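> Kindly generate the corresponding structure for this input.
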Amino acid sequence: MVFITMKLGNLSKQAKAWIFYDGGNSAFATTVLAAFFPIFFKEYWSSGINDLEATSYLGIGLTISNLALLFTAPFIGAITDLSRTTKKFFIGLTLLAIIFVATLFFVPAGSWLMALVFFGIANYCFAAGNILYDKMIVFVSDASNLSRISSFGFAFGYLGGGILFLVNAIMTLKPEWFFLTNSADAVRWSFLSVSIWWLLFLIPISLSVIDNHNNRFQVKTIFYSFKQVMGTINQVSHNKKIFLFLLAFFLYIDGVHTIMAMASDFALNLNLSSSAVIIGLILVQFVAFPSTLGWAWLASKYSDINILLVTIFLYLLIIAYSVRLSNASEFYILASLVGAVQGGIQAISRSYFAKIIPHDKSGEYFGFFNMFGRAGAFMGPAMVALAVTVYPDPRVGLIPIALLFVLGGYCLLKVKNL
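Sure thing, here's the model as predicted:
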């Protein structure tokens, strides 16, 4: 920890605030998105409808929220580039997300539609705000520090999100320790705790990071943004390095997201208990914290592309290992392996992309970066669903995902040789 403090010591106040924010932002991704909302939606808010309907409604809600981001991401970036209002939009979107997460505390049992609408808005604002958060890395760092700062952000995200998730998990397993009546009350309070936690982590970045040459937003900026996005699409298609990297990212990050999203379902299908799944998710968070910092150091020594290729190879080994899973101990090993690689591939992808794009259009380009990250979100789950339909064994479910990593790695080799 002393080493980490020393490494942070020579960074600017703005960079530290940017890194610190991820510790609050990740609480939503961990406690709400990955863990409690899907479970609570089915068991509490969807009381009165059957499980298949609940699953269908949740899938539709997520699809609408993700599609909205898919089609608006580049324009959010372009508008803030043109109007120089990155921080204002970032704070506004984040506050909306925080408010709608907090409202989940008040949604009564059986109100599945209300819960889904509030969650869908929070999820959209969280993801849209992340476009601008990613963009702001070029505000707080020069090219020499991008990999290190990006990795510190993800690392502290895993630490901050992991600490709160650990508390929330204990709340649900032992509600009486927190003077709560039952696990349902504990989950409701967990949503409220995420909002408070997230708001506290928002304060430093709101005070420290500033927009460059801040101008007023005007309605005509929206129309100009459409023209600029069309021009950037043309530029990206003619810039071989950026285009090939986005294609590689589109492929391998879908593999990463599929493993993240399907891990709990994968474990439950192996008849592991929900408490074992929660322990596995906690392991991912706390293993990812030091591992992400380690990947940053390796990237500074051996280049971003080389490290991304190594992490892709490790994901292939993880998929191979998943085939033999049969008990909780082996699932914990799998979770630890995922945690060891997950933060590295995410952080280095972000920092490398920041290095190869024009900084005066960083918001728009990061809009495309996030759009490509979302665009393939249907492929991995569809491949898993097809695999378990053809071969009714949950352990083969992740095998097709290897293809996404292989193709992504092939495109990265092309980028390396440019």
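
> does the closest residue in space to Gly48 that isn't next to it in sequence count as helix, strand or coil?
Excluding its sequence neighbours, the residue lying closest to Gly48 (Cβ to Cβ, 6 or more residues apart in numbering) is Gly110, at 5.3 Å. C-beta coordinates here come from the backbone N, C-alpha and C atoms, glycine included. Secondary structure, DSSP: H, G, I helix; E, B strand; the rest coil: Gly110 is coil.

> which residues touch the nearest residue to Val323 once chain neighbours are set aside?
Using Cβ to Cβ, 6+ apart and skipping residues adjacent in sequence, the residue nearest Val323 is Arg395, 5.3 Å away. Under the criterion of Cβ atoms under 8 Å, 6 or more residues apart in numbering, the contact partners of Arg395 comprise 270, 322-325.

> In helices only, show me those residues.
Ser322 (DSSP state H).

> Is there a neighbour count for Asn182? I'd like the number.
The number of residues packed near Asn182 is 10, by other Cβ atoms under 10 Å.

> surely it meets Pro175?
Yes. Distance between Asn182 and Pro175: 5.7 Å, which falls inside the contact criterion (Cβ atoms under 8 Å).

> ok, back up a step: from Val388, how far out is the residue nearest to Val323?
Between Arg395 and Val388 the distance is 9 Å, computed by Cβ to Cβ, to the nearest Å.

> Show me the shaky parts of the stretch 101-250 of the chain.
Counting by pLDDT under 70, the stretch 101-250 of the chain contains low-confidence ranges at 212-223.

> what's the closest non-adjacent residue to Leu199?
Taking Cβ to Cβ, 6+ apart as the measure, Leu199 lies nearest to Ile98, with 5.5 Å between them; neighbours along the chain are not counted.

> Tell me the helix or strand right after the helix or strand hosting the one you found.
Taking DSSP states H and E as the definition, Ile98 sits inside helix 86-103. Of the helices and strands lying after helix 86-103 in sequence (DSSP H and E), the nearest is helix 112-135.

> helices or strands next to the strand or helix carrying Gly373 in the packing?
Following DSSP H and E, one finds Gly373 within helix 362-375. Secondary-structure packing of helix 362-375 (3 or more Cβ pairs under 8 Å, 6 or more residues apart in numbering; DSSP states H and E): helix 51-83, helix 112-135, helix 219-238, helix 240-269, helix 328-356.

> any idea how far the third one is from the chain center?
The reference is to helix 219-238. Between the mean C-alpha point of helix 219-238 and the mean C-alpha point of its chain there is a distance of 26 Å (Cα atoms, centre = their mean, to the nearest Å).

> count of neighbours near the closest residue to Met262 other than its chain neighbours?
With sequence-adjacent residues excluded and distances taken as Cβ to Cβ, 6+ apart, Met262 is closest to Val384, at 5.8 Å. By the measure other Cβ under 10 Å, the count of residues near Val384 is 23.

> Need the residues that contact the helix holding Ile98.
Residues external to helix 86-103 that are found in contact with it (Cβ under 8 Å, 6+ apart): 25, 28, 32, 76, 79-80, 118-119, 121-123, 125-126, 128-129, 132-133, 135-136, 139, 191-192, 194-195, 198-199, 202, 206, 209-211, 217, 363.

> Next: stretch 198-208.
Taking contacts as Cβ under 8 Å, 6+ apart, the residues outside stretch 198-208 that touch it are 13-14, 16-18, 20-25, 27-28, 87, 91, 94-95, 97-98, 101, 136, 160.

> buried residues in it?
Taking 16 or more other Cβ atoms under 10 Å as the basis for neighbour counts, the residues of stretch 198-208 that come out buried are 198, 201-202, 204-205, 208.

> returning to what we had before: quick one: buried ones out of the contacts of stretch 198-208?
Burial by neighbour count, 16+ other Cβ under 10 Å: within the contacts of stretch 198-208 this picks out 14, 16-18, 20-25, 27-28, 87, 91, 94-95, 97-98, 101, 136, 160.

> elements contacting the strand or helix carrying Ala288?
When secondary structure is defined by DSSP H and E, Ala288 falls within helix 274-302. Applying 3+ Cβ pairs under 8 Å, 6+ apart, one finds that helix 274-302 makes contact with helix 146-173, helix 240-269, helix 304-322, helix 328-356.

> any idea how far it is from the chain center?
On Cα atoms, centre = their mean, the centre of helix 274-302 falls 14 Å from the chain's centre.

> No more questions from me, cheers.
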